[in-house]
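S.K.: make a model of this:
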Amino acid sequence: MAEITLVAEAGRTTGTSSSRRLRTAGRIPAVIYGEGVAEPLPVSVVAREVRHVLTSAAGLNAVLSVEVDGQRYLALARELQRHPVRGTLLHLDLQVVDPDKTIASEIPITLVGEAVELHRADGIVDQQVFNLTVHSRPAHIPSHVELDISSLTLGGSLRVSDLPLPDGVTTDIDPEVIVVAGGSQRSSRAVGEGEAGEGAGAEGAGAEGGEG
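M.R.: Residues are numbered from 1 along each chain as shown. The predicted structure follows:
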């Protein structure tokens, strides 16, 4: 995975008012910590550049070359703090990593292909696991892992062991964990009808109680 350069400025003053001024000026307060950093280093980064990083294909797993006062850190974006209403980024942690050491990351599972036989049987694709924790060196973190569901049938399933992880990437998740299953629309409707029936029964019981 290619590195993305992110220029940061050191020397920011910590505190709520200082952070507010930075955001007004189009910058985001951040802190650099991790491998080889003796103490957390308060910095600020351009909000527009951070948005570009987070909307790239790699997202949070983008390998960043963070430049601060002539010094370079290899880092990953971690612990994003967002505004509870607007969703805007308020603070960012940048974790320095060793390019030669294995780290844990979470990547999304993307379903590809068409489950033709399942659809012919009036079945539904029931995805049960959406993200996977993997272990690899920073440069080898995949943006996602694709699972081909073309062979999925009614009552069948695809498991973690069926995920095609790239070379140098592993996972500790139980290989027997079901990622996606071929479900029945009939059983789904039955569950919904059963819940509705239980609700109606409860209402009826309440009405009878009221009459007494």
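
S.K.: all contacts plus neighbour counts: C-alpha atoms, from now on.
M.R.: Will do.

S.K.: tell me the pLDDT of Arg51.
M.R.: In this model, Arg51 is scored at 87, pLDDT.

S.K.: same question for the one 10 residues further on.
M.R.: The per-residue pLDDT reported for Asn61 equals 85.

S.K.: for the longest strand anywhere in the chain, name the packing helices and strands.
M.R.: Taking DSSP state E as the criterion, the chain has its longest strand at strand 71-82. Contacts defined by 3 or more CA pairs under 8 Å, 6 or more residues apart in numbering; DSSP states H and E place strand 71-82 against strand 64-68, strand 89-96.

S.K.: averaged pLDDT, that strand. What do you get?
M.R.: 89.

S.K.: please enumerate the strands of this structure.
M.R.: When assigned using DSSP E, the strands of the chain occupy the ranges 4-10, 27-34, 41-46, 64-68, 71-82, 89-96, 103-112, 123-127, 131-136, 145-148, 157-159, 178-184.

S.K.: Leu165: which of the ones you listed is closest?
M.R.: With CA to CA, the closest approach to Leu165 among the strands of the chain belongs to strand 145-148: 6.8 Å.

S.K.: domain map for the protein?
M.R.: For the chain, automatic domain parsing gives the domain ranges 4-98, 104-194.

S.K.: could you list the single helix or strand in this protein with the lowest mean pLDDT?
M.R.: In the chain, no helix or strand scores lower on mean pLDDT, DSSP states H and E than helix 185-211, which sits at a mean of 54.

S.K.: low-confidence regions, the protein specifically.
M.R.: The chain contains residues with pLDDT under 70 at 1-2, 186-212.

S.K.: let's go with 80 and repeat that
M.R.: 1-3, 11-15, 56-60, 186-212 (pLDDT under 80).

S.K.: re earlier: sheet-wise, list the partners of the longest strand of the chain with their directions.
M.R.: Its sheet considered, strand 71-82 pairs with strand 64-68 (antiparallel), strand 89-96 (antiparallel) by DSSP bridges.
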